[in-house]
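**Q** Any chance you can model this:
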Amino acid sequence: MSTKPTTTELEWTELDRRAVDTARVLAMDSVQKVGNGHPGTAMSLAPAAYVLFQKLMRHDPADAQWTGRDRFVLSAGHSSLTLYIQLFLAGYGLELADLEAFRTWGSKTPGHPEYGHTTGVETTTGPLGQGVANAVGMAMAARYERGLYDPEAAPGTSPFDHTIWAIAGDGCLQEGISAEASSLAGHQKLGNLVLLWDDNHISIEGDTETAVSEDTLARYEAYGWHVQRVAQLPSGDLDPAGLYQALKAAQAETSRPSFIAARSIIAWPAPHAQNTEAAHGSALGADEVAATKKVLGLDPEKSFDVPDDVLAHTREALDRGREERSAWEKTFAAWRTANPERAATFDRVRAGELPAGWEDKLPAFETGKAVATRAASGKVLQALGEVIPELWGGSADLAGSNNTTIDATSSFLPVGNPLPEADPYGRTVHYGIREHAMGSTMNGIALHGNTRIYGGTFLVFSDYMRPAVRLAALMQVPVTYVWTHDSVGLGEDGPTHQPVEHLAVLRAIPGLNIVRPADANETAIAWGEILKRHSKGAPHGLALTRQGVPTYPANEDAARGGYVLFEAEGGAPQVVLIGTGSEVQLAVEAREQLQAAGIPTRVVSMPSVEWFDEQDQGYRDSVLPPSVKARVAVEAGLGLTWHRFVGDAGRIVSLEHFGASADGKVLFREFGFTAEAVASAARESIEASAR
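**A** A predicted model of the protein is given here:
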């Protein structure tokens, strides 16, 4: 039933038409079998996805991690079948049984695409708009990667040149993150990025006229994108040839990102369900599925029917992919021969290894001197930047406060930017005041691979980033957040800028490691450990002080998450004081008071609860002896983290309310963050443990 394309530029055969119709039927059947899901968009988008996977994208289904491949991001992740069906047809390893198991326990086809779970899925999508920002990050990473390994090559001639393709829906473009990311992409002139908008005018509540009336194409033109619109066929279906022409034109536009609007009819060509909100998120029903198959000229009695000739035709993608990869490998081999030093760096980075001797560059800080941990972090970045070229990043317009400028003479900015430090391959990223987009573009950069990315803002503004941070933890991608101004100690900016609940909230995210160093030396050790853990894939958040804190002797056990900073004197410890960040100094001062009173006191610095939890029981017991029931934890934030560490007899010196506007030292005194308060809590705990 699918209408023939309007032009002959695209090679389009009867088998192609039948393959698209097969994709539509598989979308209906998969949702109908499980009884829930999103069939409509997968049906209407079938021609677009098919054109990409079968006619345009450079990819090899037999090698989903091929460095030279194009990337595909389905931002409209609810339409996961759009992707799964193309992965099945092209030969990525999904088979018909996987589509029949859609959205069921243990299947390779979960409700939304999951990175690391299904071969060929480049990123986890579902929360709308995240994929748009992921794609922007991938495009940024591709440009930086090219700058690392092949900066002199003419446009389009490097083995590191490739295209980032993305499909977004109406909901993606309504979410604010896509606006942030699209603005950034336009400013960066990311000519390797192509975004196809499935303009179907339907969301869960019905026609999008309920919520949107803006001129989306004009908006993207204002962002600086190359904008096109693809007309529908007279039947209402998407036009494969029109899509092909627009996508090819977008790929040829290398000076700015491309935006293509394709007006579709959701659930086309279902006779009754098309263009309805019900088709967005519900099974069509057996009668409508059968009726649609009749419209397509297919047998309504058959389900999951994939004709052998159709599958043989689409699996030719394996042959094309093998040929494309073979041609690319010749280009890559020539590049390796011509660039042996860069090739060695590429191999090292690809393997997740760090350069020899990099640890010698980690700065050591003089004990006793007061240094803000944000300042120490900045010195670490500048020192490591000299020897780790794949390390890059910046902040959300707070570089001077976050100390995230790795190289002030080199800004990641496109050709044509008027700033003197502008360099399309620059080290320092200026995300602008776009924390949410920063978080998700960092995910895209990490997913792209072959670089190491970090990004900074104030800890309180991690609230703006949290959806992206959660997805980083879910995907286990190695991004590093530099979150500064980590407590009420930041001072006069007041409660709007003072994090109170943030450390507890972030520690509650499974798979996210929060690191709150006590001093400059712990900060250097923490950075070193984070870099070593890159290949393990977990995201890390550094929580750093604005104010100066005393510097203690370096102890490599800080990389174990918790360690004995000062041991009890005059016998076994009667009480253990646990501190993090700027509050470790309070534990140290309280220990002096308690020791002077004849109470042997141990101080434990615990920069990372998550790292400490990874240690074996023997080590954890050596730091926090089970026999010592008297314990005090001190942190200038909610006390939720610490109950399991201090036990029933323990005490927690914490902050259970918002802050205020005053000098940080005044706030610490007024809110009870003093050595005297910690010592008093220790005495209470000792008494409680003796009962």
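**Q** and the most centrally placed residue in the chain, which of the three is it?
**A** Geometric centre of the chain, nearest residue: N443, 2.3 Å, by C-alpha atoms, centre = their mean. Going by DSSP: H, G, I helix; E, B strand; the rest coil, the secondary structure assigned to N443 is helix.
**Q** from what I can see G35 touches S282, true?
**A** No. Using C-beta atoms under 8 Å, G35 makes no contact with S282, being 9.2 Å away. Just so you know, the C-beta spots here come from the backbone N, C-alpha and C atoms, and that holds for glycine as well.
**Q** what number of residues lie near D29?
**A** Using other C-beta atoms under 10 Å, the number of residues around D29 comes to 24.
**Q** hang on, it in a helix?
**A** Yes. The assignment for D29 (three-state DSSP) places it in a helix.
**Q** residues in contact with it?
**A** 99, 289, 303-304 (C-beta atoms under 8 Å, 6 or more residues apart in numbering).
**Q** circling back: who has more neighbours, G35 and S282?
**A** Each of G35 and S282 has its neighbours counted (other C-beta under 10 Å); S282 has more, 17 against 9.
**Q** For the more buried one, report the pLDDT, please.
**A** Listed pLDDT for S282 reads 95.
**Q** how near is it to F461?
**A** Going from S282 to F461 by C-beta to C-beta, to the nearest Å gives 38 Å.
**Q** Also P61?
**A** 41 Å.
**Q** For the stretch 51-200 of the chain, which residues score under the pLDDT cut-off?
**A** For the stretch 51-200 of the chain, no stretch has pLDDT under 70.
**Q** Return the residues in contact with F88.
**A** By C-beta under 8 Å, 6+ apart, the contact set of F88 is 26, 94-96, 98-99.
**Q** nope, E9 is what I meant
**A** E9 is in contact with 241, 244-245, counting by C-beta under 8 Å, 6+ apart.
**Q** Specify which member of those residues is nearest to G562.
**A** Using C-beta to C-beta, Y244 comes nearest to G562 of the contacts of E9, at 58.0 Å.
**Q** That closest one and W12: what is the separation?
**A** Per C-beta to C-beta, Y244 is found 8 Å from W12.
**Q** coming back round to it: tell me which of the contacts of E9 fall in helices.
**A** Among the contacts of E9, DSSP state H puts 241, 244-245 in helices.
**Q** Can you turn the buried part of the residues you listed into a PyMOL selection?
**A** Of those, the buried ones go into a single PyMOL selection, burial set by 16 or more other C-beta atoms under 10 Å:
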select buried, resi 241+244+245
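**Q** Save the ones in helices among the contacts of E9 as a markdown table, and put in distance to C172 and pLDDT too.
**A** Shown next, in a markdown table, are those (distance: C-beta to C-beta, whole Å; pLDDT from 0 to 100):
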| residue | distance to C172 | pLDDT |
| --- | --- | --- |
| A241 | 25 | 97 |
| Y244 | 23 | 98 |
| Q245 | 24 | 97 |
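**Q** Identify the residues contacting W483.
**A** If you count contacts by C-beta under 8 Å, 6+ apart, W483 has them with 456-459, 462, 541-544.
**Q** Just to be sure, it is in a helix?
**A** No. Applying three-state DSSP, one finds W483 to be strand, outside a helix.
**Q** quick revisit: go through the contacts of W483 and give me the one with the most neighbours.
**A** Ranked by the number of neighbours (other C-beta under 10 Å), these place G456 first, at 31 neighbours.
**Q** which residues touch the strand or helix carrying that residue?
**A** Assigned by DSSP states H and E, G456 belongs to strand 452-458. Residues outside strand 452-458 that contact it (C-beta under 8 Å, 6+ apart): 141, 381, 388, 390-396, 398-399, 401-404, 429, 431, 435, 438-439, 442, 445-446, 464-465, 478-485, 490, 497, 499, 531, 534.
**Q** chain center to that strand, what's the gap?
**A** 12 Å (C-alpha atoms, centre = their mean, to the nearest Å).
**Q** next SSE after that strand?
**A** Next element after strand 452-458 (DSSP H and E): helix 462-475.
**Q** which strands and helices sit next to whichever strand or helix holds D621?
**A** Taking DSSP H and E as the definition, one finds D621 inside helix 617-623. The helices and strands touching helix 617-623, judged by 3 or more C-beta pairs under 8 Å, 6 or more residues apart in numbering; DSSP states H and E, are helix 609-614.
**Q** Which residues does the helix it packs on contact?
**A** 507, 512-515, 529, 559-562, 606, 620, 623, 641.
**Q** how about a cut-off of 10 Å?
**A** Outside helix 609-614, the residues that touch it by C-beta atoms under 10 Å, 6 or more residues apart in numbering are 503, 507, 509-516, 526, 529, 533, 538, 540, 558-563, 580, 604, 606, 608, 619-620, 623-624, 641-642, 644-645.
**Q** So which of those residues are in helices?
**A** Going by DSSP H, the helices hold 503, 507, 526, 529, 619-620, 623, 644-645 from those.
**Q** right, and out of these, which lies closest to L296?
**A** If you rank the ones in helices among the contacts of helix 609-614 by distance to L296 using C-beta to C-beta, R507 comes first, at 52.2 Å.
**Q** quick one: average confidence on the longest helix seen in the chain?
**A** Using DSSP H to assign secondary structure, the helix with the most residues in the chain is helix 316-338. The pLDDT scores in helix 316-338 average 98.
**Q** what's the distance between that helix and the middle of its chain?
**A** With C-alpha atoms, centre = their mean, you get 29 Å for helix 316-338.
**Q** residues touching the closest residue to K536 other than its chain neighbours, list them.
**A** Distances taken as C-beta to C-beta, 6 or more residues apart in numbering place P478 nearest to K536, at 7.5 Å, with adjacent residues excluded. Neighbouring residues of P478 by C-beta under 10 Å, 6+ apart: 352, 442, 446-447, 452-454, 472, 530-531, 533-540.
**Q** what residue ranges in the chain score low on pLDDT?
**A** If you take pLDDT under 70 as the line, the chain has these spans: 1-8.
**Q** and if we set it to 50?
**A** Residue ranges of the chain with pLDDT under 50: 1-2, 7-8.
**Q** can you give me the strands for the stretch 151-300 of the chain?
**A** Assigned by DSSP state E, counting those that start in this stretch, the strands in the stretch 151-300 of the chain fall at 164-169, 193-199, 202-203, 206-207, 226-230, 258-263.
**Q** And these: which comes nearest K293?
**A** Closest to K293 of those, according to C-beta to C-beta: strand 202-203, at 22.1 Å.
**Q** So which elements touch that closest one?
**A** Packing contacts for strand 202-203, counted by 3 or more C-beta pairs under 10 Å, 6 or more residues apart in numbering; DSSP states H and E, involve helix 39-51, helix 170-174, helix 278-281.
**Q** Mind listing what's buried along the very next helix or strand once past the longest one?
**A** Looking back up the chat, that one is helix 39-51. Per DSSP H and E, the first helix or strand lying C-terminal to helix 39-51 is strand 71-74. Buried residues in strand 71-74, counting neighbours by 16+ other C-beta under 10 Å, are found at 71-74.
**Q** next one: stretch 468-486
**A** 468-475, 477-486.
**Q** One more: stretch 666-674?
**A** By neighbour count on 16+ other C-beta under 10 Å, the buried set for stretch 666-674 is 667-668, 671-674.
**Q** okay if I get the contacts of D29 as TSV plus neighbour count?
**A** Listed next are the contacts of D29 as TSV, based on neighbours: other C-beta atoms under 10 Å:
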residue	neighbour count
L99	23
V289	21
S303	18
F304	14
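**Q** Need the max-distance pair from those residues.
**A** L99 and V289 (14.4 Å).
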